[in-house]
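sequence and computational prediction follow.
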Amino acid sequence: MTSRRNVLHDRFFNAAISGDRPAARQIIDEAIEADCSAEQILSQLIWPALENIQNLHRHDQLSRLAHHFATRLIRQLVDQLQMRLERKPQRGSKVLVVSGDEDSEELAAQIGADLLEADGYSVHYAGGGIANDEIIAQIADAGIEKLVIFAVIPATVPQTRLLIDRLHEIGAAPRIQIIVGGGVFNRADGLAEEIGADLWAHDPAELVDVINEQSDRRMTAEQRTVGRKRRLKRDEAA
């Protein structure tokens, strides 16, 4: 079984980086015919391939052309699989999903958004390139209860840190839960806690699980390192 799975993964990866759209669609069809659910295909086939593509590209072991072939093709497949996801009853909880600017970050966030929506959450998916002030305004205006941020590359972390700091500093949504995920948080142990995230997940499937299982978890002001020096100075001045 493991051998067959590895062969399928290799076939899909090779089809993605070569831009072989018919071959990639055929592999998805084979998985569906084998009674794999859309969630399983997203989390056990597409997500590992995307992570592999991200890692190779980050280490300059994959050409820009191959990276573009893969991310564009995978986005198309993710869009199609979203329609096949099993829908659960509405939970009455609003989630905003954003990401870094990289294509792979947006793709990771999109998979997370699709799985959360299928699980019953009311999801607003913005992707990357959104200014922090706009994100904060949307959180306040739409009554967002959970903010999910996907970051694959280290360059996205400072902006994420500033966003979390600003949210807590102005108190626009004091009970919001902040969840981070993606490659950079998987590679740097403790980074999610350091920047003040309430929860973190290795992949989109785990994202749904941790939010469901720890919906009330919030970092305290003392646990957050983000903005700690600024808070101490403000307290001393008072």
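It's in. The structure displayed is predicted, hence computed values, not measured ones.

how does this structure divide up, domain by domain?
If the domains of the chain are taken from automatic domain parsing, they occupy 2-82, 94-213, with pieces of a single domain joined by a plus sign.

check the offset of the longest one from the chain's centre.
Relative to the chain's own centre, domain 94-213 is displaced by 7 Å; criterion: Cα atoms, centre = their mean, to the nearest Å.

what about the helices in the chain?
Assigned helices in the chain, in chain order: 2-17, 21-33, 38-41, 47-58, 64-82, 103-118, 132-142, 157-170, 183-187, 191-194, 204-213, 228-237 (criterion: DSSP state H).

mean pLDDT for those helices: which is lowest?
Confidence, taken as mean pLDDT, is least for helix 228-237 of those (a mean of 43).

can I get the domains of the chain in CSV with distance to Met219 and mean neighbour count?
Using the backbone N, CA and C atoms, a C-beta is placed for each residue, glycine as well. What follows is the domains of the chain, written out as CSV (distance: least, Cβ to Cβ, whole Å; neighbours: other Cβ atoms under 10 Å):
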stretch, distance to Met219, mean neighbour count
domain 2-82, 26, 17
domain 94-213, 5, 20
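
rebuild the ones you listed as TSV, extending it with distance to Lys88.
As requested, the domains of the chain are arranged in TSV below (distance: least, Cβ to Cβ, whole Å):
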stretch	distance to Lys88
domain 2-82	11
domain 94-213	4
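
rewinding a little: which one of the helices of the chain lies nearest to Leu96?
When the helices of the chain are compared by Cβ to Cβ, helix 132-142 sits nearest Leu96, at 6.2 Å.

by contact count, what packs against that closest one?
strand 94-99, strand 122-127, helix 157-170 (3 or more Cβ pairs under 8 Å, 6 or more residues apart in numbering; DSSP states H and E).

identify the residues contacting Gln80.
Each residue near Gln80 by Cβ atoms under 8 Å, 6 or more residues apart in numbering is listed here: Ile28.

again but with Leu42, I slipped
Taking Cβ under 8 Å, 6+ apart as the definition, contacts of Leu42 comprise 78, 81, 111, 114-115, 204-205.

again with Val98
109, 126-128, 130, 135, 147-150.

closest one to Glu51 out of those residues, please.
Phe150 (12.1 Å).

distance of the closest one from Gln54?
With distances defined as Cβ to Cβ, to the nearest Å, the gap from Phe150 to Gln54 amounts to 11 Å.

cool, and Ala137?
The gap separating Ala137 from Gln54 is 30 Å, by Cβ to Cβ.

could the helices and strands packed on helix 132-142 go into a markdown table alongside distance to Ser37?
Converted to a markdown table, the helices and strands packed on helix 132-142 look like this (distance: least, Cβ to Cβ, whole Å):
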| stretch | distance to Ser37 |
| --- | --- |
| strand 94-99 | 21 |
| strand 122-127 | 19 |
| helix 157-170 | 31 |
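
which one of the ones you listed lies nearest to Pro22?
strand 122-127 (27.5 Å).

state the mean pLDDT of the closest one.
Mean pLDDT, computed over strand 122-127, is 96.

how close does Gly190 sit to Gly183?
Using Cβ to Cβ, we find Gly190 at a distance of 15 Å from Gly183.

how about Leu73?
19 Å.

Asp119 contacts Lys88, doesn't it?
Yes - because the distance of 5.4 Å satisfies Cβ atoms under 8 Å, Asp119 is recorded as touching Lys88.
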